[in-house]
Structures are given as structure tokens and as C-alpha cells.
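J.: What shape does this take:
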Amino acid sequence: MTQRRSIFITGGASGIGRAVAIYFAEKGWFVGVADVDTAGLQDTLGLIEGGFKYMHQLDVRDRAAWDEALEAFSTAAGGRIDVVFNNAGIGHGGPIVDQPSEEVVALLDVNLKGVIYGAQAAHPHLKKTAPGSVLVNTASLAGIIGAPNLSVYCGTKWAVRGLTQSLDAEWAKDGIKVSALCPGFIDTPIIEQTAADSNQSVKEDLLDAGVEVSPVSTVPKVVWDAVHGDKLDYTVGKMASRLLFLQRFLPGRVRKEMRSQGIGTDLG
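T.: The predicted structure is shown next:
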């Protein structure tokens, strides 16, 4: 009998993490969700039918806590972890000269160090189930373009894409695939968080400007494709796909477009 495959998802209390958890559970996977928000995790589990689910309170900034979380999930899942979805992230916006140091530190700690720690902790578990095991890191459209008023956020997401490419090469010998999820504007709580922090009505401004804001329901299938495919970058939404193409082949055009905006916010 084939053992049920399992996926461990950070940022599972809401948004993309929750949507992906529900999707994989419906596909018959054992799903583990982690977050600092235990009430949100309980809500996520309540939306998943069946008993193949698990939650763990986790602060991704804590390296030792990562080991504890993955060991506990592996035990609950029957001794295997097939996929780790390094998805937890936060958003802060505004001009860099006005950005308080605590926001800069928080962005680096959660969006970058949390992903690095997740990769370190995930490796022995993914190596055990290789070949076919996968690390998926949530980057963003902000990891493809340099959007004004999101310099630190963009810096973390560009770093996640660089980390992804490096690990894909480094772990190839172990049979582990590594890919980056690059969403455009997704209708999740992080949009409102950054809007509040930067005093911008982001979602309304985006819609008024005719910018594509994709529902969170568009993301899980892309994560599924990332787990089963063999690309490095998986975009969500037409805008992210277009800008990835332009950045690769017409970088000057992207630069001109970004410099003409004067204001920008991407929140994958």
C-alpha cells in the first residue's frame, strides 16, 4: 500500500497557506500547517475534512523551533515529509528613508531568515523521501521587479529567489527539487497589512488603476504544479507572468515602467 504523501506549510493560518492546505488535503495528502497564530490554525483545520491534518505553533525566526516542528510533523505523518512549503511572510511598505528599523529587522527575520532556517531544517526530511521531495519557497512579483516604496520587501523576495536557485543546484545530488512561488497581487490579509503600515489604500488603488488582483483560490493549483513540475519560478497571475518575461528579455522596459510609477506595492 502506498503511503500517504505529506506537506508542511508555514503561514497556514490564513491566505495562501490556508488555501494550499485545503487544496492538498482534498487531493488526499496529509497536511501540516504552522503559524504563530494558533486561532487561525484552528480555523484552517476546521475547513479541512477528514483526519489527515496537523497544526503546530511555529515562529519561523526560531531555528530550534523549526527542528521541533518538523520532527513532530514527521512523526504525525508516519515518518515522512514530501514537501515543505516555506510560505510565511510579512509586508511593510513606504519610502525606505522613513522605514523604522524595527520594520526592516522584522522583514529580514521573517521573509528571509525564516526561509533559510526552514530550508536548513527541511533538508534531512526531504532527503529521506527523495527523489520526488520538494522545497517550495514563497517569493513574489516583488522578487522579479524592484517596486518603489517596497525596497526592503523586494530585497527579501529577490533574496528568496536567489536562495531557491542556489539550493536547487546544491540539493540536486540529493534528489530534492527547489522552486519559488512568485505571486502577483493576491487578495490576502497581507495587502491590508501593508496598506495600513504605509498609509495607502492599496487594494482600492490597485483596482481603480485596473491592476490585476487575483483571488487566493488561483494559487493552490500553481503550488501543486511547482511540486510536480521542474521549473524554478512559478508565477501566479498574468501580470507576474508578463513581468517575469519582460525582466528576462526586456529589462530596460521594466526599469522604465517602474521608474515612471513613483508608487508601487506588490504583495505576493
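J.: Please, which helix or strand holds the closest residue to residue 81 other than its chain neighbours?
T.: Distances taken as C-beta to C-beta, 6 or more residues apart in numbering put residue 125 closest to residue 81, at 4.1 Å, once the chain neighbours are dropped. C-beta: built from backbone N, CA, C; applies to glycine. Residue 125 belongs to helix 114-129 when assigned by DSSP states H and E.
J.: Pull that helix out as PDB, backbone CA atoms only.
T.: Provided in PDB are the C-alpha atoms of helix 114-129 (Å, rounded to 0.1, in the frame of the first residue of the first chain):
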ATOM      1  CA  GLY A 114      12.800  32.300   8.300                       C
ATOM      2  CA  VAL A 115      13.000  30.800   4.800                       C
ATOM      3  CA  ILE A 116      16.700  30.000   5.300                       C
ATOM      4  CA  TYR A 117      16.000  28.300   8.700                       C
ATOM      5  CA  GLY A 118      13.200  26.400   7.100                       C
ATOM      6  CA  ALA A 119      15.400  25.100   4.300                       C
ATOM      7  CA  GLN A 120      18.100  24.000   6.800                       C
ATOM      8  CA  ALA A 121      15.500  22.200   8.900                       C
ATOM      9  CA  ALA A 122      13.700  20.700   6.000                       C
ATOM     10  CA  HIS A 123      16.800  19.200   4.200                       C
ATOM     11  CA  PRO A 124      17.200  15.900   6.200                       C
ATOM     12  CA  HIS A 125      13.500  15.200   6.000                       C
ATOM     13  CA  LEU A 126      13.300  15.900   2.300                       C
ATOM     14  CA  LYS A 127      16.400  13.900   1.600                       C
ATOM     15  CA  LYS A 128      14.900  10.900   3.400                       C
ATOM     16  CA  THR A 129      11.900  10.900   1.000                       C
END
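J.: Could you check it and say which residues are buried?
T.: Neighbour counts over helix 114-129 (16 or more other C-beta atoms under 10 Å) mark 114-119, 121-123, 125-126, 129 as buried.
J.: now do stretch 40-50
T.: Applying 16+ other C-beta under 10 Å to stretch 40-50 flags 40-41, 44-45, 48 as buried.
J.: Check the offset of that stretch from the chain's centre.
T.: Computed by C-alpha atoms, centre = their mean, to the nearest Å, the chain-centroid distance of stretch 40-50 equals 19 Å.
J.: Repeat that for stretch 41-51.
T.: Mean-position distance between stretch 41-51 and its chain equals 20 Å (C-alpha atoms, centre = their mean).
J.: now swap in stretch 113-124 and tell me
T.: Chain-centre distance of stretch 113-124: 13 Å, with C-alpha atoms, centre = their mean.
J.: Packing partners of the helix holding residue 125?
T.: Applying 3 or more C-beta pairs under 8 Å, 6 or more residues apart in numbering; DSSP states H and E, one finds that helix 114-129 makes contact with strand 6-10, helix 63-76, strand 83-86, strand 133-138, helix 151-170, strand 176-183.
J.: Let's have those in a markdown table, adding mean neighbour count and distance to residue 234.
T.: Converted to a markdown table, these look like this (neighbours: other C-beta atoms under 10 Å; distance: least, C-beta to C-beta, whole Å):
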| stretch | mean neighbour count | distance to residue 234 |
| --- | --- | --- |
| strand 6-10 | 27 | 15 |
| helix 63-76 | 17 | 23 |
| strand 83-86 | 29 | 12 |
| strand 133-138 | 25 | 8 |
| helix 151-170 | 20 | 10 |
| strand 176-183 | 27 | 5 |
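J.: looking at the chain, which helix or strand does the model trust least?
T.: Every helix and strand of the chain was ranked by mean pLDDT, DSSP states H and E. The lowest is helix 202-208, at a mean of 42.
J.: okay but residue 30 is in contact with residue 8, surely?
T.: No. Using C-beta atoms under 8 Å, residue 30 is not in contact with residue 8, being 9.5 Å away.
J.: Low-confidence regions, the stretch 101-250 of the chain specifically.
T.: Applying pLDDT under 70 to the stretch 101-250 of the chain picks out residues 185-214, 238-250.
J.: Which residue, other than its chain neighbours, is closest to residue 103?
T.: Counting by C-beta to C-beta, 6+ apart, residue 103 lies nearest to residue 92, which is 4.4 Å off, once chain neighbours are set aside.
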